[in-house]
Every structure is written in structure tokens, then in C-alpha cells.
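**Student:** Coordinates for the following, if possible.
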Amino acid sequence: FLQRLLVAHVLTDEKAKDLYRSIQEKFAKVNNDDDETSGDEDDDVDQGYMGNDFEHCLGIINASLMPAFNLEIGTVSLPAAYNPDGDKNTNKLSQGGEGDGARKPSSSSSLVKYHAIVNRSNDDVAKNYAAARTALGPHEIAYFRKVLEKLVECGNEVLETQQQQQGGRKRNRLPVVGCVGALNKMDLINLRTELEGPHQDKLSIAQTEMALEIMESEGWLVPAAPPGEEDEDDDNRNFDNDEDDEQPKKRKRKPSRKSLRGAFFSIGPRTFMELTEFLQKCGFPEERMPQSILHRS
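**Tutor:** The predicted structure follows:
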């Protein structure tokens with residue numbers, strides 16, 4: 001289980017529990033096959049370290065990881081990752097339950113638990129570069145810090161705009177936790193030009209694109225909905241559900257966002273797990289920080 005989680009970097013609660021059950025079933029099959037061939041129960045594979053249940057298993061793993069490596073399996077609850085195509089296989093962090101078409105999350109959507117291996121170290125490398133276990137190099141990590149700063153700044157601007165509209169007619173569809181800021185991929189790539197000191201002019205466009213891919217694959221960033229898309233969805237739903245008017249209303253045509261889908265990113269679950277202090281230093285609102293869940297045996 002631990003090896004699979006390390007490879008995946010981040011797993012939703014649903015996928016992690018599916019993995020746990022599949023390992024249990026494989027162990028049970030191995031034991032049954034051994035009993036049929038040898039008849040000796042002493043040769044059975046010991047399943048004790050898998051725990052009594054999923055939560056117990058995570059606690060057992062953490063009891064070994066923390067003393068040896070200062071690592072542990074951490075968990076946070078966040079809105080499901082944005083899925084522009086409604087396909088549960090579109091991105092790794094999409095919840096995608098059976099039959100739900102992996103719908104795009106909104107403020108009314110239930111939160112999703114994410115599990116990842118978390119570095120609890122406070123060494124100088126972790127403090128200075130705000131990332132301790134990643135495939136990113138020093139220039140990419142400096143760029144990553146810049147990305148997080150801009151995403152936090154963007155999210156705070158969204159929250160400020162929302163507060164100004166409290167008395168208006170627009171309904172609040174922002175999630176209760178997590179980052180509400182999102183930036184277009186092109187804007188993120190252009191942030192490399194803002195790097196200073198030893199990191200100035202060290203990243204090409206291709207290197208920056210590769211760094212963003214790593215950030216997404218490792219769970220530091222997640223796909224985000226283009227700004228205003230949920231409000232557009234609300235307008236369309238209100239139009240479709242309005243059956244009381246005698247005269248049909250003309251639907252307002254809005255610019256298509258199809259070309260922008262999947263091109264926006266926001267802060268991912270692994271960042272909230274490992275880089276809480278850095279986010280707070282950037283100005284991330286404490287009340288929007290997702291609650292961490294600890295697992296003890």
C-alpha cells in the first residue's frame with residue numbers, strides 16, 4: 001500500500017480504500033491457494049500489518065514511518081478536483097464516483113478526503129525552498145514559491161470581491177475551504193520572468209511547462225475551473241428551470257470557455273498538507289485552511 005501511495009503521490013479516499021481492499025483480497029487468495037496445496041496453516045501470509053480496517057492500517061504505517069524517516073500519511077478534506085470533461089479518468093485527483101459522471105465541484109458539493117505521504121521535517125531545505133520531496137530542481141522550486149504566492153494573492157482578491165457583493169443578487173458558490181484563486185496556464189508560465197537573483201532567466205518555456213506538469217502530477221497543483229464558469233452554469237440552470245414565464249426568454253450568449261477548460265490551476269492537496277506555514281506567510285486565510293486528519297495506530 002505504501003509503495004503504491006508513494007508512486008501516486010496523492011490518492012482520494014475512495015481510491016485509497018479500493019487499493020486497501022484489493023491488497024487484502026490478494027493476501028486472502030494467496031493464503032487460500034497455499035492451504036489447498038500444502039494444507040499447512042503456518043505458511044499463511046501474515047495480514048496483521050494491514051490492520052483491522054483502513055484507518056488502522058494507516059496508523060500502523062505511520063508508527064513505522066515517523067520514527068525512521070519523519071514521514072507520515074496525512075489526510076485533508078477539500079473540494080473535488082475540477083474535471084472539465086465530466087470523465088472520472090480525466091485527471092488523477094478527480095473523485096469520480098460511480099454513476100455521477102465526476103461532475104464539476106461547487107460550494108454545495110461534499111468535500112473529498114485526500115491522502116499523501118507528508119514530510120514533517122523542519123530542516124533548512126524545507127524551510128528555504130518550501131518543498132522537501134519533489135522532482136523539482138532549485139530553480140523550479142523558486143518558481144513554485146512564486147506560483148503559490150500569486151495563487152494566494154488571486155484567491156484573496158476573489159474573496160474581497162465576494163464580500164463587496166454580499167448585498168447583491170449573486171449567490172455565493174465558493175467552496176468553504178481551500179484556495180478559490182486560479183490562474184491560467186499561460187499566466188503561470190509567464191511568472192518565470194519574475195524570478196530574481198540566482199533564479200533569474202534560468203527557466204525556459206519548455207522547462208516551465210514541464211515543472212507545471214510535475215507540480216500537477218505530484219499533487220502540489222490541481223486543475224481549476226475557469227473564473228466565472230460556475231456562475232455561467234447557474235445562469236443556464238436557472239433559465240432551463242424557469243417554467244412559469246409565458247413568454248420564452250432569450251438566452252444570453254456568453255463567450256465559449258471550451259478552449260480554456262483544463263488551462264487553469266489552483267493549489268493542490270499536497271501543498272496544504274506539507275506547506276501550511278508557507279501558505280500562511282503568503283497571506284492565505286487561516287479560516288480557509290483545510291483541517292488535517294492524523295492517523296495513529
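
**Student:** Show the backbone phi and psi for the closest residue in space to Leu203 that isn't next to it in sequence.
**Tutor:** In this structure, Leu203 finds its nearest non-sequential neighbour in Arg192, 4.5 Å apart by CB to CB, 6 or more residues apart in numbering. Any C-beta I mention is one placed from the backbone N, CA and C, and that applies to glycine too. As for Arg192, its main-chain torsions (degrees, to the nearest 10) stand at phi -60, psi -30.

**Student:** how far away is Arg192 from Gly137?
**Tutor:** With distances defined as CB to CB, to the nearest Å, the gap from Arg192 to Gly137 amounts to 13 Å.

**Student:** Which of these two has more residues huddled nearby?
**Tutor:** Using other CB atoms under 10 Å as the criterion, Arg192 and Gly137 rank with Arg192 on top: 23 against 14.

**Student:** Do I have it right that the more buried one meets Thr208?
**Tutor:** Yes - contact between Arg192 and Thr208 holds when scored by CB atoms under 8 Å: they sit 4.8 Å apart.

**Student:** these two touch, right, Glu194 and Lys146?
**Tutor:** Yes - with contact defined as CB under 8 Å, Glu194 counts as touching Lys146 (6.0 Å).

**Student:** overlap in contacts of the two?
**Tutor:** Listed contacts common to Glu194 and Lys146 are nil; contacts here mean CB atoms under 8 Å, 6 or more residues apart in numbering.

**Student:** More neighbours: the two, which one.
**Tutor:** Neighbour totals were compared for Glu194 and Lys146, and Lys146 leads with 18 against 12 (other CB under 10 Å).

**Student:** so what's that one up against?
**Tutor:** Remark: with contacts taken as CB under 8 Å, 6+ apart, Lys146 is in contact with Leu191, Arg192, Glu194, Leu195.

**Student:** which residues in the protein form helices?
**Tutor:** Using DSSP state H, the helices assigned to the chain run over residues 2-8, 13-38, 54-69, 124-129, 138-164, 185-190, 205-217, 229-241, 269-274, 276-281.
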